[in-house]
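Visitor: Need coordinates for the below:
(2 chains)
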Amino acid sequence: MKGVASFRRDFEPWNDGSARPFIQFDNLTKRYGAVTAVDRLSLDIYEREFFALLGPSGCGKTTLMRVLAGFEEASEGAVYLEGEDLAGRPPYRRPVNMMFQSYALFPHMDVAKNIAFGLKQDGMGKGEITDRVAEMLTLVKMEGFATRKPDQLSGGQRQRVALARSLAKQPRLLLLDEPLGALDRKLREETQFELVDLQERLGITFMIVTHDQEEAMTMADRIAVMDVGQIVQVAPPAEIYERPASRYVADFLGDMNFLPTTITSTKGDLATMEGEDGTVLKALNPHQATIGRNAWFAARPEKFRISRNRPVAACNVLQGEVWDIAYLGDLTIYKVRLGDGTFIKASQLNRDVMADDPITWEEQVWLHADPQTALVLPA
Amino acid sequence: MNARGWSKFNIASVVLGFAFLYLPIVLLIIFSFNESKLVTVWAGFSTKWYAQAFANQGLMDAAWVTIRVAFVSASIATVLGTLAAMALARRTAFPGRLLFSGMIYAPLVMPEVITGLSLLLLFVAVDLDRGMTTVTLAHITFSMCFVAVVVQARLAGFDRSLEEAALDLGATPARAFFSVTLPLIAPAVAAGWMLAFTLSLDDLVIAQFNSGPGATTLPMKIFSQVRLGVTPEINAICTILVAIVSVGVIVSSIALKRQEVQRQRAQRLAAQA
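Guide: From the prediction side, this is the model:
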């Protein structure tokens, strides 16, 4: 789980009781007529943080960003920037800039004029503007493109210009709305790392809105997973992935296998459960589910080991038939059908090239997951 | 539509249709170059009626009145029409929006006699002397809705985030409008102005109701002269009017077309990128 964020292991202001939040959403509600887009949401974001709002479309993440930028007024609650209430402050008087999903480059201005636009509004001198524009073009590696019009640029180049334009005014906070959505896969991966690098160098707080979990995982210090106007979990990427707070979060980020169980005993941070067919299952119990409760046994596909022989273990042993195999190159995913008809996905890293006798379709196999890698989730 | 796919029926209907529309105008243009004083008898090519038309002080005065009225009314109608279009395209939910947008379109289909008469009643009621001012006001009233329709069509395809980006970068709403929105909708605004100008140039009915002494427009003048018999001089002046109107319509449709082509090209590029 070594993401880019792990290079900043010491950066954890959210665990520091004395750190003052940079942005504070306080019981924020935003309604559009009868629809509640954001519902009594509270959230703290710290200075220099790379923060990601992750959720499916319609979960309210874009609304939250637009309230922060000043394009929407909160129906209830407040947003504070360094302790100051932003209510009633129009977008052109906030130390916040935004990179739009569509990039929103002005089509009638060339690249240099686009970048200079915000500086001109501030009444900056001509010479100073020229210098800053050149600096910004260097920053995003677009030096040769100052006189191009936006429609003479490729998608990736437009994205860079949009980034340069939103950074030109040296905002305290940069909002990025699906910044990489329009780029192809290769370019997206490259740009992810560049954005993180840029954010570290400039020391600006970044808040990114995305529906792409990979994007959020690679770049963010912390991720907030949203669902119908509320935040379901806020945590660093590894914690969100390994310790999801609910089935919703577990499902939204990556793949997760679920088995319905009843808790039979708890010991320390582990709980023992019984599956519907009597299988003994054991997993971490961070939510302190109590004996007799129904709960999900949850384990990610890569936590399972697949074998032909029964593993020597007292718990978390499942038997089934290989129903389907997906070979992805780096991984092979086995879809195993258990006796009662439920499917379990198990993935194996392909360390060996073309194994001699690979597990194949319709074979009887055993699955095992270490209790420390599985999780009890509330039903 | 493939040219090879045209049947005889298609060709015949196109030819007949265009003949029906344009034959009278073509005849008018041809006879404006007629040597003879008799309008319907061809006696050789001449441009003397043009010279005579230009020498006719009454006709020239009327032409000057028309141009001034058209210029002023088109300019004011463009400002008002653009504002109305902005309000309708931007604020999608305000009380009475449906009523307001319906009312903007109503003058498009309102019989001119009614528009003319109601304006006349208004001017009489407020005791405004009929003349240049009243004709101009009347023309503003009926042409601004055409401007609103043209500009609103352009605004419908306008990316709202461009304005938001301008605001976000520190521009006040007014500066965002003048530096981003207006330059981008300029072709539609220009087309709207051209349309308003042409409509004002053409109008007879509304001017007839709302004009007064010293404010006879060209269409009014022509109409009154024709009652005494058609002279080739009138043909000449009408030909010039036809030319001006055609240029106006062609220029405005080219401007709109070019903008559309640019928009599509940009979209194609964006899709590729």
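Visitor: where along the chain do the helices fall?
Guide: Picked chain A for this. Across chain A, reading from the start of the chain, the helices by DSSP state H fall at A:61-69, A:111-121, A:126-139, A:155-167, A:185-202, A:213-219, A:237-242, A:247-252.
Visitor: Wait, chain B was what I had in mind.
Guide: Under the criterion DSSP H, helices of chain B are mapped to B:8-32, B:48-55, B:57-90, B:97-109, B:112-125, B:132-156, B:160-168, B:173-176, B:182-202, B:205-210, B:218-226, B:232-272.
Visitor: Helix B:48-55 and the first one, what's the angle between them?
Guide: If I follow you right, that is helix B:8-32. Taking axes from the mean of the first three to the mean of the last three C-alpha atoms, to 10 degrees, one finds helix B:8-32 and helix B:48-55 inclined to each other by 60 degrees.
Visitor: Between the helices of chain B, which one is closest to A:N97.
Guide: In terms of C-beta to C-beta, the element of the helices of chain B nearest to A:N97 is helix B:160-168, at 5.9 Å. C-beta: built from backbone N, CA, C; applies to glycine.
Visitor: Buried ones in the closest one, by neighbour count?
Guide: Residues of helix B:160-168 classed as buried: B:161-168 (neighbour count, 16 or more other C-beta atoms under 10 Å in any protein chain shown).
Visitor: now swap in stretch B:54-74 and tell me
Guide: For stretch B:54-74, burial by neighbour count (16+ other C-beta under 10 Å) applies to B:56, B:59, B:62-63, B:65-67, B:69-74.
Visitor: quick one, strands of the stretch 1-150 of chain A?
Guide: The residue ranges that make up the strands of the stretch 1-150 of chain A, judged by DSSP state E, counting those that start in this stretch, are A:23-32, A:35-45, A:50-54, A:76-81, A:84-85, A:96-99.
Visitor: What is the neighbour count of A:I344?
Guide: Burial measure for A:I344: 21 neighbouring residues, criterion other C-beta atoms under 10 Å in any protein chain shown.
Visitor: ditto for B:P173
Guide: The local packing count at B:P173 equals 14, with neighbours defined by other C-beta under 10 Å.
Visitor: mind checking pLDDT for it?
Guide: pLDDT recorded at B:P173 is 92.
Visitor: ok, now A:S265?
Guide: For A:S265, the pLDDT comes out at 92.
Visitor: Give me the neighbour count for it.
Guide: So A:S265, with other C-beta under 10 Å, has 11 neighbours.
Visitor: residues touching it, list them.
Guide: Contact partners of A:S265, counting by C-beta atoms under 8 Å, 6 or more residues apart in numbering or on different chains, are A:271-272, A:291.
Visitor: can you rerun that using 6 Å?
Guide: Contact analysis of A:S265 by C-beta atoms under 6 Å, 6 or more residues apart in numbering or on different chains lists A:T272.
Visitor: So which residue is dead centre in chain A?
Guide: When chain A is reduced to its mean C-alpha position, the nearest residue by C-alpha atoms, centre = their mean turns out to be A:A216, at 3.0 Å.
Visitor: tell me the contacts of that residue?
Guide: When contacts are counted by C-beta under 6 Å, 6+ apart, A:A216 is found next to A:52, A:54, A:210, A:223.
Visitor: Neighbours of the second one, how many?
Guide: Translated: A:L54. Burial of A:L54, expressed as a neighbour count using other C-beta under 10 Å, amounts to 27.
Visitor: List the residues that contact it.
Guide: A:L54 makes contact with A:210, A:216, A:223, A:225, according to C-beta under 6 Å, 6+ apart.
Visitor: What separation do you get for the residue nearest to the second one when sequence neighbours are not counted and B:L120?
Guide: Going back to what we said before, that points to A:A216. Nearest in space to A:A216, with sequence neighbours left out and distances taken as C-beta to C-beta, 6 or more residues apart in numbering or on different chains, is A:A52 at 3.9 Å. Distance, A:A52 to B:L120, by C-beta to C-beta, to the nearest Å: 66 Å.
Visitor: Of these two, which one has the most company?
Guide: Neighbours per residue, other C-beta under 10 Å: of A:A52 and B:L120, the larger number sits with A:A52, 28 against 18.
Visitor: Against chain B, how distant is that one?
Guide: Between A:A52 and chain B the distance, using C-beta to the nearest C-beta, to the nearest Å, works out to 20 Å.
Visitor: so which of the buried residues of helix B:160-168 are also by chain A?
Guide: Contacts with chain A within the buried residues of helix B:160-168, as defined by C-beta under 6 Å from any C-beta of the partner chain: B:161-162, B:164-165, B:167-168.
Visitor: closest to B:L108 among those residues?
Guide: B:L162 (29.1 Å).
Visitor: Look up how far A:W14 lies from the closest one.
Guide: Computed as C-beta to C-beta, the B:L162 to A:W14 distance reads 36 Å.
Visitor: Repeat that for B:L23.
Guide: 81 Å.
Visitor: now swap in A:E239 and tell me
Guide: Counting by C-beta to C-beta, the gap from A:E239 to A:W14 is 11 Å.
Visitor: Looking only at neighbour counts, state which of those two leads.
Guide: Between A:E239 and A:W14, A:W14 has the larger neighbour count (other C-beta under 10 Å), namely 18 against 15.
Visitor: Retrieve the pLDDT associated with that one.
Guide: 87.
Visitor: and the chain, what are its domains?
Guide: As the question left the chain open, I've gone with chain A. Per the record, chain A has its domains at A:4-95+A:171-249, A:255-378, by automatic domain parsing.
Visitor: Actually, chain B is the one I wanted.
Guide: Per automatic domain parsing, the structural domains of chain B span B:8-46, B:56-272.
Visitor: Around chain A, which positions in the stretch 51-200 of chain B sit nearby?
Guide: Proximity of the stretch 51-200 of chain B to chain A (C-beta under 6 Å from any C-beta) is limited to residues B:161-162, B:164-165, B:167-172, B:180, B:183.
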